[in-house]
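S.K.: Coordinates for the following, if possible.
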Amino acid sequence: MMTSTTLTAPTARLLLNWYDRHHRDLPWRVSPPMAARGIKAEPYHVWLSEVMLQQTTVPAVKPYFTNFLARWPTVRDLADAPSEDVMAAWAGLGYYARARNLKKCAEAVTRDHGGIFPDTEEALKALPGIGDYTAAAVAAIAFNRQAAVMDGNIERVISRLYAISTALPAAKPLMKQKVALLTPADRPGDFAQAMMDLGATICTPKRPACALCPFNGSCDALRLHDPEHFPVKADRKTKPVRHGAAFVAVTADGAILLRRRIESGLLGGMTEVPTTGWTARLDGETSPDAAPFPAGWEPCGTITHVFTHFELRLSIYRVAIPSPIQADNGWWEPVTNLDSQALPTVMKKAITAAIPLAFKHSKE
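M.R.: Sure, this is the predicted structure:
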């Protein structure tokens, strides 16, 4: 059995040696072999990927990242893009405030910095939508600044490496101190990406592959034979359940009634079918009496969607009408065009409940 006297101090070099051999090849990343050929990280790519990766997985982000770069190759192109197009391209990634801030940040970089990202954490944090994590990640990866980067994967690695018993989120300051002490002046960006890769591929939440870990001779959690206990998390509160209704109106020639949500608040600026006034704190109406116009609305069941802070249950109603009618704050969109609309996942669920093949037709 390992004892505390047999542990060796963790060093950045142990991890970087592992990263040089086992790094993931990602479309936004400059790998060690590429760096050796003098290729440098593109700040726009680093920033875009880091914003997309928040609360989202690498496999989910890859096609979105590729699509964004194809449509808007530079930050100036993104700044000039219509907001509706950006929101539509983001639809499905969730956490839509990120997309609104993405556009605002691109505009600020273009307007205030000549299309060139600033290269310090402080200046990056002054941009819209860039917080501590994204500023540190861009500073380290794109500009080789000795910044302490800490995402969920890195939290898990650090909590196990030092067997941090304080529960999250209270443990975050201590974790960041530990990361800062480990981050080297040389190759800080590679170190940050190596920590991310280690957490994603070796130091996983369940059944970590400790035998393959470059830190296995330095890990307090492994010494205690209990890596999965870390990170310690505070007891989760039960999410409140909110109720509302959504109304899917379709014309004989296949047009569906849509409208745009207000810019502020949950799903701000996104496209929706008419729905009632539910929020994270309040229920909305659930009966057909709240429909956008009187008609023979038929129930189509209930869909459930889980947001960060609450669960939403929407009663879905459908009506078929011969031709479009005047609707406040709305327009009639062909069902075949739905994939080009900025529809969040919850609205796609609502439409699919009423028109099961809606998005199949949209792709044809």
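
S.K.: Could you list the low-confidence segments of the chain?
M.R.: For the chain, the stretches flagged by pLDDT under 70 are 1-6, 361-364.

S.K.: Show me the strands in it, by range?
M.R.: 241-251, 255-260, 271-272, 298-306, 311-321, 330-334 (DSSP state E).

S.K.: For the fifth one, name the packing helices and strands.
M.R.: Counting contacts by 3 or more CB pairs under 8 Å, 6 or more residues apart in numbering; DSSP states H and E, strand 311-321 packs against strand 241-251, strand 298-306, helix 345-354. Backbone N, C-alpha and C define where each C-beta goes, glycine included.

S.K.: Quick one: list the elements packing against the lengthiest helix in the chain.
M.R.: In the chain, assigned by DSSP state H, the helix with the most residues is helix 97-113. Under the contact definition 3+ CB pairs under 8 Å, 6+ apart, helix 97-113 sits against helix 43-53, helix 75-80, helix 83-90.

S.K.: quick one: that helix to helix 83-90, angle?
M.R.: For helix 97-113 against helix 83-90, the angle by axes from the mean of the first three to the mean of the last three CA atoms, to 10 degrees is 130 degrees.

S.K.: Could you give the separation of helix 97-113 from the chain centroid?
M.R.: Averaged C-alpha coordinates place helix 97-113 at 17 Å from its chain's average position (CA atoms, centre = their mean, to the nearest Å).

S.K.: List the buried residues of that helix.
M.R.: 98-103, 105-110 (16 or more other CB atoms under 10 Å).

S.K.: so which of the helices and strands packed on strand 311-321 comes closest to residue 46?
M.R.: Of all the helices and strands packed on strand 311-321, it is helix 345-354 that lies closest to residue 46, at 26.4 Å by CB to CB.

S.K.: got the CA positions of the closest one in CSV?
M.R.: Presented in CSV, the C-alpha positions along helix 345-354 are these (Å, rounded to 0.1, in the frame of the first residue of the first chain):
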residue,chain,number,x,y,z
THR,A,345,-33.9,22.5,-28.3
VAL,A,346,-37.1,22.9,-26.2
MET,A,347,-38.9,24.4,-29.2
LYS,A,348,-37.7,21.7,-31.5
LYS,A,349,-39.2,19.2,-29.0
ALA,A,350,-42.5,21.1,-29.0
ILE,A,351,-42.7,21.2,-32.8
THR,A,352,-41.8,17.5,-33.1
ALA,A,353,-44.5,16.6,-30.6
ALA,A,354,-47.1,18.3,-32.9
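
S.K.: what residues does it touch?
M.R.: Helix 345-354 is contacted by residues 91-92, 94, 246, 248, 250, 256, 267, 270-273, 275, 300-301, 303, 305, 312, 314, 316-318, 338, 343, 358-359 when judged by CB atoms under 8 Å, 6 or more residues apart in numbering.

S.K.: Buried residues in it, which are they?
M.R.: For helix 345-354, the neighbour count (16+ other CB under 10 Å) marks 346-354 as buried.

S.K.: Tell me the one of those nearest residue 172?
M.R.: Nearest to residue 172 among the buried residues of helix 345-354: residue 346, at 29.8 Å, using CB to CB.

S.K.: if we can go back for a sec, most packed of the helices and strands packed on helix 97-113?
M.R.: Greatest average neighbour count among those goes to helix 43-53 (a mean of 23), per mean count of other CB atoms under 10 Å.

S.K.: That one packs against which elements?
M.R.: Counting contacts by 3+ CB pairs under 8 Å, 6+ apart, helix 43-53 is packed against helix 58-71, helix 97-113, helix 132-143.

S.K.: again, only using 6 Å
M.R.: Helix 43-53 is packed against helix 58-71, helix 132-143, with contacts defined by 3 or more CB pairs under 6 Å, 6 or more residues apart in numbering; DSSP states H and E.

S.K.: nearest to residue 285, of those?
M.R.: helix 58-71 (33.3 Å).

S.K.: Any buried residues in the closest one, and which?
M.R.: 58, 61, 64-65, 68-69.

S.K.: For that helix, what is the distance to the chain centroid?
M.R.: 12 Å.

S.K.: ok, residue 259 to residue 267 distance?
M.R.: Distance, residue 259 to residue 267, by CB to CB, to the nearest Å: 12 Å.

S.K.: from the buried residues of helix 345-354, which single one is nearest residue 185?
M.R.: For the buried residues of helix 345-354, the nearest to residue 185 is residue 346 (45.7 Å; CB to CB).

S.K.: Okay then, goodbye and thanks.
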